[in-house]
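with the sequence up front, the predicted model follows.
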Amino acid sequence: MITLVDDLLNKVTMYRLVLYVLAALLVVAGFFGFIGVLSISPGDLAFSTAILIGASWLANELFAKGFGAATNVESVYITALILALIMAPVAPTHYAGVAVLVITAAWAMASKYIFALGKKHLFNPAAFGVVFSAFVLGVPATWWIGGNVALLPFVLVGGLLIVRKIRRFDLAITFTLVALVVSVLTSNSTALSSVTLSLLHSPLFFFAGVMLIEPLTIPSDRWHRVIYGALVGLLFAPNIHLGSFYTTPELALLIGNLYAYLVSPKGRFMLELVGREQLSDNTYEFRFASDGPIPFKPGQYIEWTLPHDNPDNRGNRRYFTISTAPNDPIVGVGVKFYDPSSSFKRGLAHMQPHQTISVSHIAGDFTLPRDESHKLAFIAGGIGITPFASMTRHMLAEKKAPPTVLLYANRTKTDIAYKELFDRARAELGMKTIYALSNEPAPPADAYAGTIDADLIRREIPDFAERMFYISGPHGMVDSFKHALRDMGVPLHRIKIDFFPGYA
């Protein structure tokens, strides 16, 4: 069942999934309003949603043109639908209410441009909009999406799908536990009553599954994410106050966003295409010059935004691992093309020299260990080789590397990417590479005919129990090797798996 869910999630980007979940929640809420389960008018809900979408889109277009920035329609719609789910719906004849919705939506869009440092916005736009609505317009968010038990199953399932998609259970669980504990400790009622209220009659799950995990406003590494989740969970609890001033969910999120900004890589960068190289059948490395140094670690990934005409259901944003080393003068990304390709990849393939693409949100814990004495074992499948290309280039630049073995799985020898790089690493660093080819009738001398399995690992890496294992590739492959290594006795803390962003 989990595998089936993952297969379905792989077909859409994280942003498109969020959009679908929000739209589904609005449809369900409208239906429940129609049959009397919710005390909202489906007509007012539809009208308010339309107003928020229109105002958000128009404001975003104006700000984008004014600031000369690339637009992303998905984020506009996501913000508008979140506002529709947390602000009270208004009737068409409620002119003051309509004005509040328009101003709130416009202010939410403004936060992405006016309150941005290094071309990167600091705050969750929806939270920023409703804070303005509460403190300036005197109309706070009602968070009605969290006030009805009938909607809870839909909110919970949608939130779990989003969190699983981007692998941020560490953040969501930390936030939820801290929010519940603090609610119990600061409540005047019983622990059971406090927990029941938080779980069944508050926006806890919607907040955790949709708003808290927005990639651009959370820390990029695990421990800072845990601290971020704990901080927001603490401030989310309803009884936290300073004198007569009580925190709200949206204010808690904005404070957390400030912490995330302080501890995360800064800025958005514009990259100019300088060339491309075919690495293997249907795999290319695109090389860019950056308008500033990008502070990433070997093995990390970054969000790429490429506005293009008629984007498909995967949108105009992707997460790709950087394939070059931090000290390289260019920024590279390895991309595998399938038939048919997504509209994003078609746009990338048609880029001409000097055309630009924007990147931001450096993230990922799939990085080399701080202790350089660790023996390493890399296991890669297909385009999952890109983080290892970055790590290998980094080790070559440093002219040193711990004992390292790479097991690289492909179907045929024409699928192998970065072979010259790994041949160089073998010659200069003593790095051992074994190519496993599952569908190659005549494998070359340095390749193995078959798939990577426990027997191959034991044969090629006899000291496997002493090594730190890194696994990158399709989700199914990564999970399979993780379990195989555990069966071989490799402890969990010696296994690092890559959340392969090419599928996000």
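That came in fine, so what should we check first? Residues are numbered from 1 along each chain as shown.

can you give me the helices for the stretch 251-400 of the chain?
Using DSSP state H, counting those that start in this stretch, the helices found in the stretch 251-400 of the chain span residues 343-349, 386-398.

contacts only, for S133.
With contact set as CB atoms under 8 Å, 6 or more residues apart in numbering, S133 has these partners: M87, V100, I103, T104, W107, V139, P140, A141. Every C-beta, even on glycine, is put in place using the N, C-alpha and C of the backbone.

and if we set it to 10 Å?
By CB atoms under 10 Å, 6 or more residues apart in numbering, the contact list for S133 reads 83, 87, 100-101, 103-105, 107-108, 139-141, 250.

and the gap between it and A99?
11 Å (CB to CB, to the nearest Å).

what sits in contact with each of the two?
V139.

if we go by neighbour counts, what in the lengthiest helix in the chain is buried?
Looking across the chain with DSSP state H, the single longest helix is helix 42-67. When neighbours are counted by 16 or more other CB atoms under 10 Å, the buried residues of helix 42-67 are found to be 42, 44-49, 51-53, 55-57, 59-60, 63-64.

give me the next element, helix or strand, following that helix.
Following helix 42-67 in sequence order, the next helix or strand is helix 73-86 (DSSP states H and E).

quick one: that next one to helix 42-67, angle?
Per axes from the mean of the first three to the mean of the last three CA atoms, to 10 degrees, the angle that helix 73-86 makes with helix 42-67 is 140 degrees.

report all helices and strands that helix 73-86 contacts.
Identification of packing neighbours for helix 73-86 by 3 or more CB pairs under 10 Å, 6 or more residues apart in numbering; DSSP states H and E yields helix 14-34, helix 42-67, helix 95-110, helix 125-135, helix 204-206.

next one: the following helix or strand past the third one to chain centre, how far?
Stepping forward along the backbone from helix 95-110, the first helix or strand reached (DSSP H and E) is strand 116-117. Once both centres are worked out by CA atoms, centre = their mean, to the nearest Å, strand 116-117 turns out to sit 20 Å from its chain's centre.

and the residue lying closest to G489 once chain neighbours are set aside, how far is that from L485?
Nearest residue to G489 in three dimensions, chain neighbours excluded: A465, at 6.4 Å (CB to CB, 6 or more residues apart in numbering). Distance, A465 to L485, by CB to CB: 10 Å.

what's the answer for N310, then?
Distance from N310 to L485, by CB to CB: 43 Å.

between these two, which has more neighbouring residues?
Each of N310 and L485 has its neighbours counted (other CB atoms under 10 Å); L485 has more, 22 against 7.

next SSE after the helix or strand harbouring that one?
Assessed by DSSP H and E, L485 sits inside helix 475-487. Downstream of helix 475-487, the next assigned helix or strand under DSSP H and E is strand 495-497.

contact partners of that following strand?
167, 299, 365-369, 376-377, 379, 467-473, 475, 478-479, 481-483, 485-486.

list buried residues within these.
Using 16+ other CB under 10 Å, the buried ones in the contacts of strand 495-497 are 167, 299, 365-368, 376-377, 379, 467-473, 475, 478, 481-482, 485.

which stretches of the stretch 351-500 of the chain form strands?
Using DSSP state E, counting those that start in this stretch, the strands of the stretch 351-500 of the chain run over 356-363, 375-381, 404-410, 432-437, 447-449, 467-472, 495-497.
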